[in-house]
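K.L.:
coords please:
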Amino acid sequence: MAYWLQRLLLIALSIIATLSSIRTAAEVPEVISPEIDRREIKVARIDNENIEVGIYGGILAIEDFDSSNISIVRIDFHINEHTFIEASYGSAKGDTTTFEELIPSTQLISDEQREYTSYDISFGWNIFPGETWLRNKAYKSDFYLILGGGSTEFGGDKWFTWNVGAGYRLFLNDWLAWRIDVRDHIFNRDLFGEDDQTNNIEMSSGVSFFF
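P.N.:
Reported below is the predicted structural model:
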């Protein structure tokens, strides 16, 4: 009899424990899984314009002549962020020489011979690519060096010309830039009977467009 009572007591205790665990599980609050909204990320379009076409105007100081105006067209192909190749065409007209200023009645060369035309192919290095701040806004900018060669027509003849200089490029947006250039066109000439090496300084400024 005592054995059966023990069995019944154990069965009752196990039923009570089971019911208690079920009730406890039912009382546990449901874990809330937050709904995460997927955000669509738009990757900014990377500009790949590497052809630059510019129109410039400035002053050309032909050695032994007064300074004159010059018009320039340049086409640049940007190989990467640091290097580019440039083709340049410039046109000007030489002013009077120092001797002609001293003796106004003297004309050493004809008006046709004063026509100045230059063609250059140059290699450029952007040595200081960075940013320029204007009115609390940052603009991409480059400081670059130029070295190249070409041909100059002046004084009724053609001369092989070295071209060396430096410039500054300020990007106003992704397709327009403003540039300032200073260059020295170096060539030997025998315009006045002697073969002299001349330094012809060109200073120009203008805008360029990227395609």
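K.L.:
quick one, strands of the chain?
P.N.:
51-61, 68-78, 83-93, 115-126, 130-134, 137-154, 157-171, 176-189, 196-210 (DSSP state E).
K.L.:
please convert these to JSON lines, extending it with mean pLDDT.
P.N.:
Putting those into JSON lines (pLDDT from 0 to 100) gives the following:
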{"stretch": "strand 51-61", "mean pLDDT": "98"}
{"stretch": "strand 68-78", "mean pLDDT": "98"}
{"stretch": "strand 83-93", "mean pLDDT": "97"}
{"stretch": "strand 115-126", "mean pLDDT": "97"}
{"stretch": "strand 130-134", "mean pLDDT": "91"}
{"stretch": "strand 137-154", "mean pLDDT": "96"}
{"stretch": "strand 157-171", "mean pLDDT": "96"}
{"stretch": "strand 176-189", "mean pLDDT": "97"}
{"stretch": "strand 196-210", "mean pLDDT": "97"}
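K.L.:
indicate which one of these is closest to residue 109.
P.N.:
The closest of these to residue 109 is strand 137-154. By C-beta to C-beta, the value is 9.3 Å. Yep, even glycine has a C-beta here, placed from its N, CA and C like the rest.
K.L.:
what pairs with that closest one, parallel or antiparallel?
P.N.:
The strands beside strand 137-154 in its sheet (DSSP bridges) come out as strand 115-126 (antiparallel), strand 130-134 (antiparallel), strand 157-171 (antiparallel).
K.L.:
circling back: any chance of the strands of the chain in JSON lines, plus distance to residue 106 and mean neighbour count?
P.N.:
Output for the strands of the chain, formatted as JSON lines (distance: least, C-beta to C-beta, whole Å; neighbours: other C-beta atoms under 10 Å):
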{"stretch": "strand 51-61", "distance to residue 106": "21", "mean neighbour count": "17"}
{"stretch": "strand 68-78", "distance to residue 106": "19", "mean neighbour count": "17"}
{"stretch": "strand 83-93", "distance to residue 106": "18", "mean neighbour count": "18"}
{"stretch": "strand 115-126", "distance to residue 106": "20", "mean neighbour count": "18"}
{"stretch": "strand 130-134", "distance to residue 106": "49", "mean neighbour count": "11"}
{"stretch": "strand 137-154", "distance to residue 106": "19", "mean neighbour count": "17"}
{"stretch": "strand 157-171", "distance to residue 106": "21", "mean neighbour count": "17"}
{"stretch": "strand 176-189", "distance to residue 106": "19", "mean neighbour count": "18"}
{"stretch": "strand 196-210", "distance to residue 106": "20", "mean neighbour count": "17"}
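K.L.:
would you reformat the ones you listed as CSV and include distance to residue 105?
P.N.:
Output for the strands of the chain, formatted as CSV (distance: least, C-beta to C-beta, whole Å):
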stretch, distance to residue 105
strand 51-61, 25
strand 68-78, 21
strand 83-93, 21
strand 115-126, 22
strand 130-134, 51
strand 137-154, 23
strand 157-171, 25
strand 176-189, 24
strand 196-210, 25
